[in-house]
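S.K.: Pasting the sequence and the predicted model now:
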Amino acid sequence: MNTDTSNLLPIPLSDRTVCIQPVQGWDDSQPRVLDAWVDNIYFSFDLMVSEEVMAHLLAEQFAAREARDERKAVYVSEWLNAGVSPTGAHGYTILIERKDQWAIRVQNTNPHQPGIFVEMRSYLLHLHPAGILAACEEVCAFIRDHLLADAPDIADACTTHHARCSRLDLHLDWQGGWHPTLHEGEERQFVKPARAGWEPKMEGDICTGYVFGKKNVMARIYDKSKQCEVKHITWYPEYLQQKAGAAYNPAQAVWRLEFELKRDGMKGFYLETSPEIADEDDVLDAEMEGEDLPNIGSVVKALHWAAHLWDYLSRRWLRLVMDDGDKNRARWPTHPTWQVLQLGFAPAFALPPLAPTKAHLVRQHKHTGYSRALKRMAVGVMASAQLMLDSDPASVLPGFLEGVVRQAQAARRVQEVKRLLRHMTDEEERRLKYHENVDHLAKMALGVFTSIGVTKGKLPPFSHVGDLLEYLCDDLEAIAKEKGGIGQMMYDKWCKVYKILPIAQNIERLVD
């Protein structure tokens, strides 16, 4: 047993640099960005340690309990080179810690809970010489080498690319400019989601900050200097002195804007690309399967898109504004200090691109496979209609039809694969119904052209427009007979889409 914790202290301050606004001296009338960084990141793995490893961990926990009861000492495992808690935490059997660096929770009994959960601490994230991602990679290597050493088949999945981000805290520290005062009406200067609450924090009669929201997304504005004083965080003022240089005034309060995204908050952000005719079949297959867009749930993606998250949250989720008399607060201009905070987040880590440059961050679950399939179809219809204004329709329609037919074929291909592989479950039957709906919608899109005698969904090779029209005559007559005429069919559809009563019913309603 080893109780020496000196070798567990984090590394000293480094010369890492981050883009900050150059300031000559101190100008309290203008906000000065001192630091913008990731303050906390939690992640987990759906990996279970073996019974042998768990038995070893329980033995270490027992030794930690003895050290606490007999000598009131903190136990440091020689095997792990880390502290082991005498008790578990938050539903996990084992808690392993390195002071101010990270904490790892382990369990192997509950299949509905991640087997390994990691909390990265602020100190290490700010001071690691190789950056945040390298710090997270080191913890993953620790887990592979110690907790998954006897399971190489699953240890390869313990990387930052596979780690599910459970919490991400982004922060920006500043001095000068605006700060919370709780003056009358100040709460009305914040534009936020209606569901997000607002709560002031007080230290006696002095306002030390505000908290917005409680669940998936939270925002905090608070006096960081006061927090350091109360919690005895002595390293952070020194860090700011080295980081911000002349921009930092030790005698002035440091204010922090911080956004906290929990697991469900992270899951609300997706990466979307605009549909194009040249998209590969696997893109179409993903849409036909109803797959979600790629999310930013992994550690690597969360860090890569951190600046985009900050931009969205500081512009769309929470914004400080100035009253200009407009009755609609959403139209009030952004406060000058907030404009600096919006642009001041400049993380220092550099990662290679993870997605094409046309990808952009989108919010919530509006971009399902179903809606993207409709969007792709709508893009094809509108683009083809625009081209037909200035081009020969006979030259435009083949390209449009090719795209729609590819969508229908993708849906059919997915159906056939599932039928061949295994008996369909209830979920697969729902997916099959989804594909049938997509096929139906594709036919409806073609029906717009078919109903006016332009073309048909499945076309034999024609060399003359006259042959094409002759081929479609019987179908046009059948459609007209079934729908009561082309004009009536289009009118009824228009009324249904826009929920408008037909003219005849409106006249009867007026007469009554």
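M.R.: Received the coordinates, thanks.

S.K.: Pop out the phi and psi values for Asn216.
M.R.: Main-chain torsions, Asn216, degrees, to the nearest 10: phi -70, psi -40.

S.K.: What distance do you get for it to Asp169?
M.R.: Using C-beta to C-beta, to the nearest Å, Asn216 is found at 13 Å from Asp169. Every residue, glycine included, has its C-beta placed from N, CA and C.

S.K.: same check, this time on Pro180
M.R.: 19 Å.

S.K.: swap in Pro152?
M.R.: For Pro152, the distance to Asp169 - C-beta to C-beta - is 33 Å.

S.K.: ok, now Lys483?
M.R.: 59 Å.

S.K.: Same drill for the two, tell me which one is more crowded.
M.R.: More neighbours surround Asp169 than the other of Lys483 and Asp169, with 20 against 16 (other C-beta atoms under 10 Å).

S.K.: and the more buried one, helix, strand or coil?
M.R.: Secondary structure, DSSP: H, G, I helix; E, B strand; the rest coil: Asp169 is strand.

S.K.: go on, Glu119?
M.R.: Assigned by three-state DSSP, the conformation of Glu119 is strand.

S.K.: so what's it bridging to?
M.R.: Tyr42, Ala103 (DSSP bridges).

S.K.: so it touches Gln101, yeah?
M.R.: No: if you go by C-beta atoms under 8 Å, Glu119 and Gln101 don't touch, sitting 9.9 Å apart.

S.K.: Can you show me the strands along the stretch 151-300 of the chain?
M.R.: 164-175, 190-191, 198-203, 206-212, 217-223, 255-262, 269-272 (DSSP state E, counting those that start in this stretch).

S.K.: any residues touching the second one, and which ones?
M.R.: Translated: strand 190-191. Strand 190-191 has contacts (C-beta atoms under 8 Å, 6 or more residues apart in numbering) with Trp198, Tyr210, Phe212, Leu318, Arg319, Leu320, Val321, Arg329, Ala330, Trp332.

S.K.: give me that answer again for 10 Å
M.R.: 196, 198, 210, 212, 219, 221, 315-321, 328-332, 334-335, 338 (C-beta atoms under 10 Å, 6 or more residues apart in numbering).

S.K.: Same question for the third one.
M.R.: Contacts with strand 198-203, where a contact means C-beta under 10 Å, 6+ apart, come from 180-182, 186-188, 190, 192, 207-214, 219-223, 226, 230, 318.

S.K.: Give me the ChimeraX select line for those residues, limited to the buried ones.
M.R.: The ChimeraX command for the buried members of the contacts of strand 198-203 (criterion: 16 or more other C-beta atoms under 10 Å) is given here:
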select :180,190,192,207,208,209,210,211,212,213,219,220,221,222,223,226,318
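
S.K.: Assumed Gly83 was part of a strand.
M.R.: Yes: under three-state DSSP, Gly83 falls within a strand.

S.K.: Test my guess that it contacts Asp100.
M.R.: No: judged on C-beta atoms under 10 Å, Gly83 makes no contact with Asp100 at a distance of 11.4 Å.

S.K.: And those two? Which one has more around it.
M.R.: Legend: neighbour count by other C-beta under 10 Å for Gly83 and Asp100, higher for Gly83 (20 against 14).

S.K.: Ala67 belongs to a helix?
M.R.: Yes: remark: Ala67 belongs to a helix, assigned using three-state DSSP.

S.K.: Per-residue pLDDT of it, please?
M.R.: Listed pLDDT for Ala67 reads 95.

S.K.: and stretch 99-113, how far apart are its ends?
M.R.: For stretch 99-113, the first-to-last residue distance is 25 Å (C-alpha to C-alpha, to the nearest Å).

S.K.: Please apply the same query to stretch 72-88.
M.R.: Terminal-residue distance, stretch 72-88 (C-alpha to C-alpha): 17 Å.

S.K.: one step back: could you identify the buried members of the contacts of strand 190-191?
M.R.: 196, 210, 212, 219, 221, 317-321, 332, 334-335, 338.

S.K.: In helices, which of the residues you listed fall?
M.R.: Trp338 (DSSP state H).

S.K.: which strands and helices sit next to the one helix or strand Ala63 maps to?
M.R.: According to DSSP states H and E, Ala63 maps onto helix 51-71. In terms of contacts (3 or more C-beta pairs under 10 Å, 6 or more residues apart in numbering; DSSP states H and E), helix 51-71 is packed against strand 76-77, strand 82-84, strand 94-98, strand 102-106.

S.K.: With mean pLDDT and distance to Asp474 added, can I get the ones you listed in TSV?
M.R.: Listed next are the helices and strands packed on helix 51-71 as TSV, based on pLDDT from 0 to 100; distance: least, C-beta to C-beta, whole Å:
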stretch	mean pLDDT	distance to Asp474
strand 76-77	95	82
strand 82-84	96	79
strand 94-98	96	74
strand 102-106	97	70
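
S.K.: Ala55: which of the ones you listed is closest?
M.R.: When these are compared by C-beta to C-beta, strand 94-98 sits nearest Ala55, at 11.1 Å.

S.K.: Run me through the strand neighbours of that closest one, direction for each.
M.R.: Counting by DSSP bridges, the strands paired with strand 94-98 are strand 82-84 (antiparallel), strand 102-106 (antiparallel).

S.K.: rewinding a little: could you dump the helices and strands packed on helix 51-71 into CSV and include distance to Gln61?
M.R.: Shown next, in CSV, are the helices and strands packed on helix 51-71 (distance: least, C-beta to C-beta, whole Å):
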stretch, distance to Gln61
strand 76-77, 9
strand 82-84, 6
strand 94-98, 6
strand 102-106, 10
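
S.K.: So which of these is nearest Asp492?
M.R.: Of all the helices and strands packed on helix 51-71, strand 102-106 comes closest under C-beta to C-beta, at 60.6 Å.

S.K.: what angle sits between that closest one and helix 51-71?
M.R.: 120 degrees (axes from the mean of the first three to the mean of the last three C-alpha atoms, to 10 degrees).

S.K.: Alpha carbons of strand 102-106, in CSV - could you do that?
M.R.: Output of strand 102-106 as CSV, limited to C-alpha atoms (Å, rounded to 0.1, in the frame of the first residue of the first chain):
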residue,chain,number,x,y,z
TRP,A,102,-9.9,12.9,-13.4
ALA,A,103,-12.3,10.4,-11.7
ILE,A,104,-13.4,7.0,-13.2
ARG,A,105,-16.4,5.1,-12.0
VAL,A,106,-16.8,1.4,-12.7
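
S.K.: Go through that strand and flag the buried ones.
M.R.: Trp102, Ala103, Ile104, Arg105, Val106.

S.K.: Closest one of these to Pro237?
M.R.: Trp102 (23.1 Å).

S.K.: so the closest one touches Ile96, yeah?
M.R.: Yes: if you go by C-beta under 10 Å, Trp102 and Ile96 touch, sitting 8.7 Å apart.

S.K.: Overlap of the contact sets of those two?
M.R.: Ala82, Val118, Phe142.

S.K.: ok, back up a step: mind putting the strands of the stretch 151-300 of the chain in a markdown table, distance to Leu47 included?
M.R.: Compiled in a markdown table, those are given as follows (distance: least, C-beta to C-beta, whole Å):
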| stretch | distance to Leu47 |
| --- | --- |
| strand 164-175 | 11 |
| strand 190-191 | 42 |
| strand 198-203 | 38 |
| strand 206-212 | 35 |
| strand 217-223 | 28 |
| strand 255-262 | 21 |
| strand 269-272 | 25 |
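
S.K.: Find the residue ranges of the stretch 401-512 of the chain scoring beneath the pLDDT cut-off.
M.R.: 411, 413-425, 446-469, 476, 480, 489, 502-512 (pLDDT under 70).
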